[in-house]
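**Q** Next input, structure requested:
(chains A, B, C and D)
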Amino acid sequence: MTLALDTRTTSRDPAVTPRGDALISIIGLSKHFHVKLGAFGQTAAEVHALDDFTLDIRRGETLSLVGESGCGKSTAGFTMLQIHKPSAGQVIYGGVDLAQLSEDRLRPYRRKLQVVFQDPYSTLNPRMTVGEAIAEPLLFHGQATRGNITEKVATLLGDVGLSPRFAMRYPHELSGGQRQRVVIARALACGPEFLVCDEAISALDVSVQAQIINLFQDLQERYGLTYLFIAHDLAVVRHISDRVAVMYLGRPAELGPKRAIFSAPLHPYTKALLSAVPEPDPARERSRKRQVLSGDVPSPLDPPPGCRFHTRCPLAVERCRREVPAWREMAPDHFVACHRVGEAIPVPDAA
Amino acid sequence: MTDPLLSVRDLAVEVSTRRGPARVVDGVSFHIGRGEALGVVGESGCGKSITTLALLGLLPPGARVAGGSARMEGKDLLTLSRRALREVRGGRIGMIFQDPMTSFNPVLKIGDQLIEPLIYHRGMLRREAWARAGELLRLVGIPGGASRLDNYPHELSGGMRQRVMIAMGLACEPPLLIADEPTTALDVTIQAQIVDLVKDLRARLGMSIIWITHDLALVSGLVDRVIVLYAGKIVEEAPVDDLYARPTHPYTQGLLASLPTLEGEETRRLPAIGGTPPDPGRRPAGCPFAPRCPLRVARCESEMPPLVAVAGGPHRAACWVNAKPQELAA
Amino acid sequence: MLRYVLRRVLIWIPSILLILLAVYALAFYGAGDPVKLIFMRAPGDVAYNPERIEAIRARAGLDQPFLIQFWNYISHLLTGNWGNSLVTGRPVWRTISAAAPVSLQLGLVAILLTAVVAIPLGVIAALNQNRAADYAILGSALILWAIPPYVAGPLLMVALILVLPTGSIPYGWGGVFDVRILLPLAVLSMQPIALIVRQTRSAVIEVMGEDFVRTARAKGVPELIVAIRHIMRPVLTPVVTQLGLIMITLVNGAIFVELVFGLPGLGRLTVESTLNSDYPVILAITLIGATLVMASNLLVDLVYPLLDPRAGSLRADR
Amino acid sequence: MTMPVTLSAAVEPDEQVSLWRDAWHRLRANRLAVFGLCIVVILVFVAVAGPWISPYDFLSQDLEATNQGPSMAHWFGTDDLGRDVLSRVIYGARTALLVAVVVTGIALAIGVTLGAIAGYVGGRVDAVIMWVTDMVMSVPSLLLVVVINTSLKPPLSAFMDARYLATHNPIWRQTIWIDFVLVFGSMALILWPPYARLVRAQVLSIRNRNYVTAARALGLTPGLILRRYVVPNALGPVIVAVSAGLGTAMVLESAFSFLGVGVRPPTPSWGNMISDGLRVWRTYPHLLAAPAAVLGLATVAFSFLGDGLNDALNPRQWRK
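**A** Coordinates of the predicted model:
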């Protein structure tokens, strides 16, 4: 296997146009947060939440972003949508670099790019009824008139499996699952092409999660939506995704078709992640030998040099401490950032 | 199993709401043997945490035990004096809570919090307790051991805090450890570390464990027996292998079916359970799962089925349809 | 930390300058010519002589534009010359340095008394939430809060007159260890005590609901120790903050208390000097009052990290 | 708050509880708060209906019946000029409420504007506004008010005299307006900073809530977000602060009257009556007791109401 360097990480050409079927092209996206530390806020520091993130999101696919908390997966989603202004990089959508647009010029694009948050309890304005919350974007973006708004709201509620009588309810009267349906209905109200689901099911009851997962899939079929599904539950990710990107400490570690990621993971972190997931199967669980990662994720305030995973990696060698691994396409459509992948030394199998 | 360590009978807990008292735990009975690990599985609001808090007399204001008994080592925990109860807490039953951030006092060093059970149960002096606390930190695999005693909780990572919490629960080597969703706030790789740690400690120290969780997958490799709670009632109880191989209650069946897995074939749609769990204040008269149950018959809506043995043995379920309890006499 | 203190203190300079400028402007444009004021107050036989006034004005630099005069005042201030009182003609510095210790001592003792009385009462109220003791404490606090010090002062005074022989009525100043301090102290502390009792009570109630208190109980820690170690420590943070912030209440309260009880402090000086439009004194009092409040705010901010080890650190979670 | 959209067609009106109604239920359950509310309502009624319910004119003197104790004719007795104390207390309620409402209104307007700008714009603007706020808060407030009143009253009077001489318009003879302008103005000047801080803190915290982020992601304009999302949610704590602030303003006015810089006689104010009463307290206790008791009652009422509103509107309780 050749160590062909991928050229896309270094590409900064603003004239880049999305290739073929890409709905959104993300090129070298970074987000650093400035924070003040110390008892009197005397130390300025920088959180490296997202570094050099490059990715194409294809029309109609479900791309999942997985990783542990603090790995920058939510930041990636928010920065893509320009909810956080990127520190560097481009987000090409419809031939335009969204990162360059002012808030006013961005507004027409916002409608097409929507988000569903993790916590449905705080995503709805407690002072607005469900009907008002859904009607607002419809009216604002001219998707409905005052004359037909009731109907439109009822239709949207129906789309997410709620009866029209929910329109008069306030969010605090609803259960978590119902709220998440309302949030989805409101996101749909704008007629989006692209939906970021930021841990959209993890705050829900176990018996309700499957309903919402199914809802997401139905809506995708009906409206041809493209999803960026941010999650930490790998079993759910396997169920819902077409492609999966694994992140570690602000950087992408591996990206590939779902089947490849789950059956033949390349990056040692992906392997560790997969081996940590428990299965509802007592016999397997008891006999299973886990590859448990030692230690914690290092602080994004001071990320380790070289490969960010080297402090916990069972395969780390000297080179990993020095050099940032390149983003390499090891198999068609399967990318990985690891020096050791493809080396002669056989990588011990985790599972 | 002779002489269980803890045996709970007909425990009921009521919470006062604006609509009057609501039973959040309703007639729960279970037992746990010495050295046994019991999983208690249920969704938020099913009463699983409240059950254990009731055992230790730690119910929040507004909640009260409305009946039942909990016998452990010849005493009924529910009727103990404050003083005797205090000796049970931390001394005979160790407790690990869900959120390791809020469960530590932010302004006290972890050492100061870790020595408390040693001081109040073992009568140790501060200095001995401090030394023992250092050993405990090594036991739970905290790098740096005793030197970490001077840290404040916020200076440790979530996984480290949970290890300290486990050390605190185990400090007096209690015969029973109750872990209330100890890994829910943690990442999968850290969760795997904690699960392995607890398994390892159990093998070495031989204590009984009650592990409360909403995650059916998590407990499968961890416990001997599982209780499934729904809306304050036990709907199924079985040895762990039985439960996953032959789930009997439609709720357990639905829950297991709706979990996506890492292995096996993929389906486009998940077989989901419809509806939402009932509000504690407005639970249906009969089986609480009836409104969501695909197998529901008329009787389910008026009468709660008893927990009966399925195919003999220790596997029990409460369902008129699947478990087919014998008609009671008359 | 030193740099932090320095930065904070540096911000005081423009603040105080601006405050002084405002008061100076009020004096300059509002109250009228200080020299005329002197003459108006002079005994009747001093003739109103415009030329003489002009001469005095020129000599004192009072014929110059506003900003120049203000600049002169500030530069004198920097050299330690606070000017002379328009009423007594004595140096302001001497007047202030006679009055300030009285008020400062009274204020310090009042803060101490507040802390000693109010915090335990607040804790007791919280631990007995919605029971008789709670209602009694909270009710008294509300009543104390509702009685303005200028009503409470005379009332207490009169009450004492009724029981004590005329000669021994507490009036005037004899230092903090003199019996006569008791009444002014009580009246001055009334509102701060009410405030701190309520603050402590709600802080304790809030902390009692925290998860870590449940953890402590689950460890088998005795209730008394739970209250002292696990509840009180976190409660101190907001309460100490509040204690620092009652400085303004004290500065204001001192005005009434000193007036009513005849204490020769800054409060009485404030009333006297404003009634007489004695601007050099007013400016000096403003300067001291503002500095005091700013310094107490700084002190609170400095103590805060000591009480709460989390202050300023990035939360490890999320 | 309300949408001009009607969605009533398919709805059954079962048990729909808005947050405000919910808060109202909680408030009604709190006995102290209800007591406070009753007193406040009575106070407002007395103030509004003053001229119709007061038994005498507050100015009418009866020099043959001075310093009388309470009687059937004069429930609260009469003062040194033979004026009916009850009537004066009733008219004093008007003054107190007028001062409280106007002063709190001005302070609130300044505070909300500056606080909202500081919180929403942030950066340097925020730093400057907060610096000014801290500065105003660090000036001894009573001193400031006294200085403003004593130094601005003479030039203002002179100005009005001059205008009267020039225009002969009797409006310039109404010296009461000077009192009001100066007293109201200087009180508002020292009372706005807490509102500014509160509103700023509210804006900062609400701005980071998910529903505001969601509204931004929906592409709504900042103005719309401010009006529909930030303001309605910031309202609760502001209402609590205003309720407590009305009581504070009343007490403050009486304190200024006591120092001789409040509303001037003959306009009846509780502060004036208290300070008059203090002089003769030993011989005619009713002259002090009546206004002091009423003022105390009003203060307690507002503070009960404020506490009750705080509990009722406390967002932390909404989660469960």
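**Q** Whether stretch A:51-60 contacts chain B - can you check?
**A** No: applying Cβ under 8 Å from any Cβ of the partner chain, one finds stretch A:51-60 separated from chain B by no less than 15.1 Å. Backbone N, C-alpha and C define where each C-beta goes, glycine included.
**Q** So which helix or strand of chain C has the lowest pLDDT on average?
**A** Ranking every helix and strand in chain C by mean pLDDT, DSSP states H and E puts helix C:34-41 at the bottom, with a mean of 63.
**Q** pLDDT value on whichever residue of the stretch 1-150 of chain C sits closest to chain A, please?
**A** With Cβ to the nearest Cβ as the measure, C:Y4 is the residue of the stretch 1-150 of chain C nearest to chain A, at 3.9 Å. Listed pLDDT for C:Y4 reads 80.
**Q** Now the helix or strand A:V91 falls within: buried residues?
**A** Taking DSSP states H and E as the definition, one finds A:V91 inside strand A:88-93. Residues A:89-93 are the ones in strand A:88-93 that count as buried (16 or more other Cβ atoms under 10 Å in any protein chain shown).
**Q** Next: stretch B:62-75.
**A** For stretch B:62-75, by 16+ other Cβ under 10 Å, it's B:63, B:65-66, B:68, B:70-72.
**Q** Just give the nearest non-adjacent residue to B:L80, would you?
**A** Distances taken as Cβ to Cβ, 6 or more residues apart in numbering or on different chains place B:V88 nearest to B:L80, at 6.8 Å, with adjacent residues excluded.
**Q** which ones are touching that neighbour?
**A** B:56, B:72, B:75, B:77, B:80, C:220 (Cβ atoms under 8 Å, 6 or more residues apart in numbering or on different chains).
**Q** does the last one count as helix, strand or coil?
**A** So that's C:G220. With DSSP: H, G, I helix; E, B strand; the rest coil as the basis, C:G220 sits in coil.
**Q** still on that earlier bit, least confident of the buried residues of stretch B:62-75?
**A** In terms of pLDDT, B:A63 ranks lowest among those, with 88.
**Q** and the residue lying closest to it once chain neighbours are set aside, how far is that from B:L53?
**A** Leaving aside its chain neighbours, B:A63 sits nearest to B:V15 (4.6 Å; criterion: Cβ to Cβ, 6+ apart). Using Cβ to Cβ, to the nearest Å, we find B:V15 at a distance of 11 Å from B:L53.
**Q** Need the overlap of contacts for those two.
**A** In contact with both B:V15 and B:L53: B:A63, using Cβ under 8 Å, 6+ apart.
**Q** Which residue ranges of the stretch 51-200 of chain A form helices?
**A** Here the stretch 51-200 of chain A has its helices, by DSSP state H, counting those that start in this stretch, at A:73-80, A:103-110, A:120-123, A:130-140, A:149-159, A:176-189.
**Q** right, is the longest one up against chain D?
**A** In other words, helix A:176-189. Yes: counting by Cβ under 8 Å from any Cβ, contacts between helix A:176-189 and chain D involve A:183, A:186-187.
**Q** which phi and psi does B:P271 have?
**A** The phi and psi values for B:P271, taken as degrees, to the nearest 10, are phi -70, psi 100.
**Q** Secondary structure element holding the nearest residue in space to it that is not next to it in sequence?
**A** Leaving out its chain neighbours, the residue that sits closest to B:P271 by Cβ to Cβ, 6+ apart is B:A257, at 4.5 Å. Element membership of B:A257 [criterion: DSSP H and E] is helix B:250-258.
**Q** helix or strand for the residue nearest the centre of chain A, which one?
**A** By Cα atoms, centre = their mean, the mean C-alpha position of chain A lies nearest to A:I230, the distance being 3.2 Å. Using DSSP H and E, A:I230 maps to strand A:226-231.
**Q** For that strand, give the mean pLDDT please.
**A** Strand A:226-231 comes out at a mean pLDDT of 93.
**Q** who does that strand pair up with?
**A** Partner strands for strand A:226-231, per DSSP bridges, with pairing direction: strand A:62-66 (parallel), strand A:194-198 (parallel).
**Q** Can you classify the residue nearest to B:A63 as helix, strand or coil?
**A** Quick answer, by three-state DSSP: B:V15 is strand.
**Q** List the contacts of it.
**A** Per Cβ under 8 Å, 6+ apart, neighbours of B:V15: B:21-22, B:24, B:50, B:62-63, B:280.
**Q** Against chain D, how distant is it?
**A** To chain D, B:V15 is 10 Å away according to Cβ to the nearest Cβ, to the nearest Å.
**Q** bridging residues for that residue?
**A** Counting by DSSP bridges, B:V15 forms beta bridges with B:A22, B:A63.
**Q** Next one, pLDDT for it please.
**A** 88.
**Q** just how off-centre is the biggest helix by length in chain A within its chain?
**A** Counting residues, the longest helix in chain A under DSSP state H turns out to be helix A:206-223. Taking Cα atoms, centre = their mean, to the nearest Å, one finds the center of helix A:206-223 at 17 Å from the center of the full chain.
**Q** mind exporting that helix as PDB, just the C-alpha atoms?
**A** What follows is helix A:206-223, C-alpha atoms only, in PDB (Å, rounded to 0.1, in the frame of the first residue of the first chain):
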ATOM      1  CA  VAL A 206     -35.100   4.400  25.600                       C
ATOM      2  CA  SER A 207     -38.500   3.300  24.400                       C
ATOM      3  CA  VAL A 208     -39.000   6.600  22.600                       C
ATOM      4  CA  GLN A 209     -35.600   6.700  20.800                       C
ATOM      5  CA  ALA A 210     -36.600   4.200  18.200                       C
ATOM      6  CA  GLN A 211     -39.700   6.200  17.300                       C
ATOM      7  CA  ILE A 212     -37.600   9.300  16.600                       C
ATOM      8  CA  ILE A 213     -35.000   7.400  14.700                       C
ATOM      9  CA  ASN A 214     -37.800   6.000  12.500                       C
ATOM     10  CA  LEU A 215     -39.300   9.400  12.100                       C
ATOM     11  CA  PHE A 216     -35.900  10.800  10.900                       C
ATOM     12  CA  GLN A 217     -35.700   8.000   8.300                       C
ATOM     13  CA  ASP A 218     -39.300   8.500   7.100                       C
ATOM     14  CA  LEU A 219     -38.800  12.200   6.700                       C
ATOM     15  CA  GLN A 220     -35.600  11.600   4.800                       C
ATOM     16  CA  GLU A 221     -37.400   9.400   2.300                       C
ATOM     17  CA  ARG A 222     -40.300  11.800   1.900                       C
ATOM     18  CA  TYR A 223     -38.400  15.100   1.500                       C
END
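**Q** Run the contact check for it versus chain B.
**A** Yes: applying Cβ under 8 Å from any Cβ, one finds helix A:206-223 touching chain B at A:206-211, A:213-214, A:217.
**Q** closest to chain C among these?
**A** For these, the nearest to chain C is A:Q209 (21.7 Å; Cβ to the nearest Cβ).
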